[in-house]
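Visitor: Sequence and predicted structure, then a few things I'm wondering about:
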Amino acid sequence: MKRTHGWISGILLSAFLVANAPAQIIYSFETEDLHGFANSAGDGWQVFRAQIGVTHGDYSMGVQWPSGSGGFRWLFGNGARDELLPYLQISKKLLMDATVPAGVSVPWANMAVSLNGPSPYGWNQAVGAVGLPRQQGTRTILIDLESLPLPDPNVDWFQINFGLNAGGAHEIYFDSLRLYRPACEMMAFTFDNDLQGFNIGTNQVGITLSWVDGKMRAQSTGGFKWLFNGGEDGSVPNLAAMVRRGYLVVMDVTVVSAPPAGWGNMIMSINSPAGWGQSDYTAEIASGPNTFTRTIALDYRGVALPGDDNPEYCLLNLGINSGGPMTIDIDNIRIYRLPVEGDVNCDGCVDDADLLSVLFDFGSTAITASDVNNDGVVDDADLLMVLFNFGSGC
């Protein structure tokens, strides 16, 4: 009996230690070489294992720009095919947490991303940059690699690379590179038939909104413009309930006409009786003269949210900025759900469905959300995590 108690206690302890672990993590940055990225240090750049901004495990990957200057540098992965390729075969949309420590801020920061392998695959760089947080706090960024091909499964090596850029000496900590999960989405606006209450307000100039082929088209003459949400009654059904349970606003954006200056970005706000909740994260939406479609995400953690699911009003507003005239199409605005411990199917409630998922996959070593603690096998520890959190979020 004592042995049984010890065995169960050990499993429960391991469950507690990884209780905040998002499923299907690719890189957790636990080793000193940081999956090869540490080898990219030099010329004043520091890339190191750290304990700031840790969102999984014990360590993060810290990056410091050269003292007193900004600039661009590639960080190269280790090329270990089997650490990366099996995950991208499941999804080419990824999430990663990025933390800026107290006392650090820059006017702008972003990241290019590439996949690389031996010829004939070669260097494949995603069009457009990903916005990085510019000031204190932890934000989750979305990396959309859907436009890039994948190499032959038997390729000798395969790597992901991050090209970091900032308008000043920056310091940032990365952790939990993981798969994006469509199951975690809550659909807010689809624009199937109209603009869903989005408008330009009464005093703005240089911006028009129109409905084009099931998307919301915004045509701007440049500079900063708000796309306001809400009809005459000032309400959007179920939006409050969604934003209270999520942390990312996700949408598909097509650059129809790129701005001459080659840049365009977006912020957001949630307006409710709690106040005007404007996020401090800026997502990149345009890059150079390119026209393309990709998915972006805006992390809104820390903004004022409605106090209940049925406030008098709850509105989502989008602020776009560009270096000259720009036309974009926006579609499929959804809210990405906050993780609930033990919620295998990401519906926000730990219930029988999650328990059955773990039982059905029991013993599997595949990449699956049923591996709740992300240790590579679906076993008793995963089952206990679901049981321990049963009823959470429901």
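Guide: Perfect, I can see it now. Residues are numbered from 1 along each chain as shown.

Visitor: low-confidence ranges in the chain?
Guide: 1-23, 231-235 (pLDDT under 70).

Visitor: How is it partitioned into domains?
Guide: 22-180, 184-337, 341-388 (automatic domain parsing).

Visitor: Endpoints of the second one, how far apart?
Guide: So the one you mean is domain 184-337. 5 Å (C-alpha to C-alpha, to the nearest Å).

Visitor: any idea how far it is from the chain center?
Guide: With C-alpha atoms, centre = their mean, to the nearest Å as the basis, domain 184-337 stands 16 Å off its chain's centre.

Visitor: can you check the shortest one too?
Guide: Going by C-alpha atoms, centre = their mean, the spacing between the C-alpha centre of domain 341-388 and its chain's C-alpha centre is 22 Å.

Visitor: Could you do stretch 90-101 as well?
Guide: The answer for stretch 90-101 is 5 Å, by C-alpha atoms, centre = their mean.

Visitor: List of residues touching that stretch?
Guide: 22, 24, 26, 52-53, 55, 60, 132-146, 148, 150, 170-181, 295, 297, 367 (C-beta atoms under 8 Å, 6 or more residues apart in numbering). C-beta coordinates here come from the backbone N, C-alpha and C atoms, glycine included.

Visitor: before we move on, what about stretch 151-167?
Guide: 36-37, 63, 65, 70-81, 84-85, 89, 106-118, 121, 129, 132, 170, 172.

Visitor: taking these one by one, which sit in strands?
Guide: Members of these lying in strands (criterion: DSSP state E): 63, 71-76, 109-117, 172.

Visitor: Surely residue 242 forms part of a strand?
Guide: No. Assessed with DSSP: H, G, I helix; E, B strand; the rest coil, residue 242 is helix; it does not lie in a strand.

Visitor: so it touches residue 186, yeah?
Guide: Yes. With contact defined as C-beta atoms under 8 Å, residue 242 and residue 186 form a contacting pair (4.6 Å).

Visitor: Between the two, point out the one with more neighbours.
Guide: Legend: neighbour count by other C-beta atoms under 10 Å for residue 242 and residue 186, higher for residue 242 (22 against 18).

Visitor: returning to what we had before: list buried members of the contacts of stretch 151-167 by neighbour count.
Guide: Listed as buried from the contacts of stretch 151-167 are 36-37, 63, 65, 70-71, 73, 75-79, 81, 84-85, 106, 108-117, 121, 129, 132, 170, 172; burial here means 16 or more other C-beta atoms under 10 Å.

Visitor: overlap in contacts of residue 242 and residue 186?
Guide: With C-beta under 8 Å, 6+ apart as the test, residue 242 and residue 186 both reach residue 335.

Visitor: What is the end-to-end distance of stretch 189-200?
Guide: End to end - C-alpha to C-alpha - stretch 189-200 spans 17 Å.

Visitor: scratch that, stretch 194-205
Guide: Start-to-end, stretch 194-205 (C-alpha to C-alpha) is 22 Å.

Visitor: Just the helices from the chain, written as ranges.
Guide: 2-17, 81-88, 239-245, 352-360, 380-388 (DSSP state H).

Visitor: Put together TSV for the domains of the chain, with distance to residue 394 on each row.
Guide: Output for these, formatted as TSV (distance: least, C-beta to C-beta, whole Å):
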stretch	distance to residue 394
domain 22-180	19
domain 184-337	12
domain 341-388	4
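
Visitor: How about the contacts made by the closest residue in space to residue 68 that isn't next to it in sequence?
Guide: Among residues not flanking residue 68 along the chain, residue 169 sits closest, at 5.6 Å (C-beta to C-beta, 6 or more residues apart in numbering). By C-beta under 8 Å, 6+ apart, the residues touching residue 169 are 64-70, 106.

Visitor: now the residues you listed as TSV including distance to residue 384?
Guide: As requested, those are exported to TSV (distance: C-beta to C-beta, whole Å):
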residue	distance to residue 384
64	40
65	43
66	47
67	48
68	51
69	50
70	47
106	44
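
Visitor: follow-up on the earlier one: in strands only, show me the contacts of stretch 90-101.
Guide: 26, 60, 137-144, 171-179, 295, 297.

Visitor: mind checking how far the nearest residue to residue 56 once chain neighbours are set aside is from residue 268?
Guide: Of all residues not flanking residue 56 in the chain, residue 176 sits nearest, at 4.4 Å (C-beta to C-beta, 6+ apart). From residue 176 across to residue 268, the span is 23 Å (C-beta to C-beta, to the nearest Å).
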